[in-house]
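> fold the following, please.
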Amino acid sequence: MSATDADRVTEAAHRVVAEHDPRSVPISRFLGACFDAGLSWVHFPEGLGGLGVSRGLQAVADRILQDAGGPVPLSLNPMGYGMAAPTVREHAQTDDVRRALLRPLATTEDIWCQLFSEPGAGSDLAGLATSAVRDGDTWVVNGQKVWTSLAHRARWGLLLARTDPDVPKHRGLTYFVLDMHADGVETRPLRQLTGHAEFNEVYITDARIPDAYRLGGVGDGWRVAMTTLMNERSALGGSGSRRGAGTIGDAVALWASRPDLHTPVLQDRLTSLWLRAEAQRLTAERSRATATVGGPGPEASVGKLVGAELNQHIYEFCMDLLGAEGIMYDGYEMRGRGQGNDNGDRDVEDWRGPIQQRFLRSRANTIEGGTSEVMRNILAERVLGLPGDLRADAGMPWKEVPRG
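Numbers count the residues shown, from 1 in each chain. Just a heads-up that it's a prediction; the model follows:
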């Protein structure tokens with residue numbers, strides 16, 4: 001990265017803040033200004049929310065924007081910013097489709113979801129059964145997805161479907177963008193441990209997708225899905241760009257607010273957790289700083305694996321600090337289906353509830369976005385070069401693979 005590129009990013013960020021004070025304008029307008037200035041994803045091409053510079057400079061822009069009171073876009077549209085944007089940018093068929101999808105994604109006017117997992121295809125994603133059959137210039141989709149976060153709020157969904165059952169499972173998949181408001185798309189909430197309904201079942205019955213909203217080639221869905229998954233793991237594993245940000249900030253704030261509960265043993269635990277969080281943050285910063293305009297690779301699984309387990313340890317510490325107070329959680333009523341906020345913007349979910357809610361929610365961290373076991377396999381095989389697991393169905397047509 002050059003000093004000139006860093007200056008461009010810095011100047012653009014200061015100009016956005018000066019002309020669109022994030023403390024007084026609607027979030028969508030502020031984020032739209034960021035997109036137009038190329039600050040949504042600085043490594044994207046100009047005109048598509050970027051400046052064509054190193055992705056390592058994103059931290060420079062984010063620090064200026066957030067110090068001025070700007071939001072963390074990933075928390076408002078997590079599947080949009082973390083997964084959909086890089087996938088659309090890399091694999092959409094035309095720039096017209098990219099422009100039509102990326103700006104409302106960036107402003108968070110269009111929330112996104114990810115339609116991958118199915119009742120019979122979780123860790124074995126390539127075994128999915130949802131079908132897409134071509135009918136002229138459209139595709140007719142039938143199937144069921146599950147554990148789909150924010151499907152009830154989403155305007156668009158990233159859909160992986162089977163278009164050829166006669167070839168091995170990885171080769172018969174195609175990737176689409178599904179209109180979640182289309183006829184034949186139904187979402188049903190799944191109540192969680194927290195009492196919220198953040199994720200859903202999605203039933204798709206004869207829903208139609210224009211071929212223009214196919215990402216990548218027919219039968220090339222697995223490769224496109226890897227773009228999504230690598231970016232998902234990078235987003236889930238990334239720490240805040242500031243020291244002490246993120247979940248460790250919750251623990252430090254709780255510790256500072258409750259001096260009556262301090263003990264030397266708990267202080268040692270908090271110190272150890274803070275050091276681990278800082279090591280993770282610096283590792284993520286180093287990864288971003290050395291990245292080019294390309295996407296993350298399998299190394300992103302390191303951050304996801306470490307971050308998920310660290311989050312759980314941090315919130316376990318918080319509950320141990322609170323002691324008996326930790327079981328006092330008045331949050332099990334069905335809620336979290338999304339409300340508007342005072343600025344008229346589309347609010348996502350209440351991700352920042354009481355510490356007890358965050359502890360309960362953290363139990364999912366080692367499952368969502370790929371289990372810790374899957375992350376360890378990826379790192380073993382694709383980073384360390386160790387032999388892969390035995391795959392009994394390798395080379396078999398999908399329709400001949402036994403399924404429960």
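> now the helices: where do they sit in the chain?
Taking DSSP state H as the test, the helices found in the chain are 3-19, 27-36, 58-67, 73-76, 78-79, 85-91, 95-106, 221-237, 247-257, 264-290, 300-322, 355-362, 372-378.
> which of those helices comes out lowest on mean pLDDT?
Among the helices of the chain, helix 221-237 has the lowest mean pLDDT, at a mean of 82.
> residue 196 is nearest to which of the helices of the chain?
Closest approach to residue 196 among these is made by helix 355-362 (7.9 Å; CB to CB). For every residue, glycine as well, the C-beta is placed using N, CA and C.
> could you check the angle that closest one makes with helix 300-322?
150 degrees (axes from the mean of the first three to the mean of the last three CA atoms, to 10 degrees).
> and the angle for helix 355-362 with helix 247-257?
Using the same axes, to 10 degrees: helix 355-362 against helix 247-257 is 160 degrees.
> and helix 355-362, what does it pack onto?
With contacts taken as 3 or more CB pairs under 8 Å, 6 or more residues apart in numbering; DSSP states H and E, helix 355-362 sits against helix 247-257, helix 300-322.
> of those, which is nearest residue 85?
With distances scored as CB to CB, the stretch of the helices and strands packed on helix 355-362 nearest to residue 85 is helix 300-322 (15.5 Å).
> can you list the buried residues in the closest one?
Going by neighbour count (16 or more other CB atoms under 10 Å), the buried part of helix 300-322 is 300-319, 321-322.
> tell me which strands and helices that helix is in contact with?
helix 221-237, helix 247-257, helix 264-290, helix 355-362, helix 372-378.
> ok and the second one relative to helix 264-290, angle-wise?
When the same axes, to 10 degrees is applied, the directions of helix 247-257 and helix 264-290 differ by 150 degrees.
> for helix 247-257, packing partners?
By 3+ CB pairs under 8 Å, 6+ apart, helix 247-257 packs against helix 264-290, helix 300-322, helix 355-362.
> in that helix, what's buried?
So for helix 247-257, counting by 16+ other CB under 10 Å, buried means 247, 248, 249, 250, 251, 252, 254, 255.
> follow-up on the earlier one: which stretch among the helices and strands packed on helix 355-362 comes nearest residue 359?
Ranking the helices and strands packed on helix 355-362 by proximity to residue 359 (CB to CB) places helix 300-322 first, at 4.0 Å.
> number of nearby residues for residue 143?
With neighbours defined by other CB atoms under 10 Å, the count for residue 143 comes to 20.
> residues touching it, list them.
Residue 143 sits next to 118, 128, 129, 130, 131, 161, 204 when contact means CB atoms under 8 Å, 6 or more residues apart in numbering.
> out of those, who's nearest residue 147?
So of the contacts of residue 143, ranked by how close each gets to residue 147 (CB to CB), first place is residue 118, at 9.2 Å.
> and the gap between residue 152 and residue 195?
Distance of residue 152 to residue 195, given as CB to CB, to the nearest Å: 16 Å.
> ignore the last one, residue 55
According to CB to CB, residue 55 and residue 195 sit 37 Å apart.
> so between the two, which is more surrounded?
Of the pair residue 55 and residue 195, residue 55 is the one with more neighbours under other CB under 10 Å, namely 24 against 17.
> how much space between that one and residue 43?
4 Å.
> what do you get for residue 111?
Residue 111 is 23 Å from residue 43, by CB to CB.
> quick one: terminal-to-terminal distance for stretch 42-52?
6 Å (CA to CA, to the nearest Å).
> what pLDDT, on average, does that stretch get?
Mean predicted confidence for stretch 42-52 is 96.
> give the buried residues for that stretch.
42, 43, 44, 48, 49, 50, 51.
> list the contacts of that stretch.
Residues outside stretch 42-52 that contact it (CB under 8 Å, 6+ apart): 5, 8-9, 12, 35, 38-41, 53-55, 57-58, 61, 85, 89, 95, 98-99, 102-103, 106, 291-293.
> same check on stretch 66-78?
17, 21-23, 27, 30-31, 34, 40, 62, 81-82, 105-106, 108, 110-112, 149-150, 235, 348, 351.
> out of the residues you listed, which end up buried?
With neighbours counted using 16+ other CB under 10 Å, the contacts of stretch 66-78 contain these buried positions: 17, 22, 27, 30-31, 34, 40, 62, 81-82, 105-106, 108, 110-112, 149-150, 235, 348.
> domain map for the protein?
3-71, 112-219, 226-383 (automatic domain parsing).
> turn these into CSV, columns for distance to residue 398.
Shown next, in CSV, are the domains of the chain (distance: least, CB to CB, whole Å):
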stretch, distance to residue 398
domain 3-71, 35
domain 112-219, 4
domain 226-383, 18
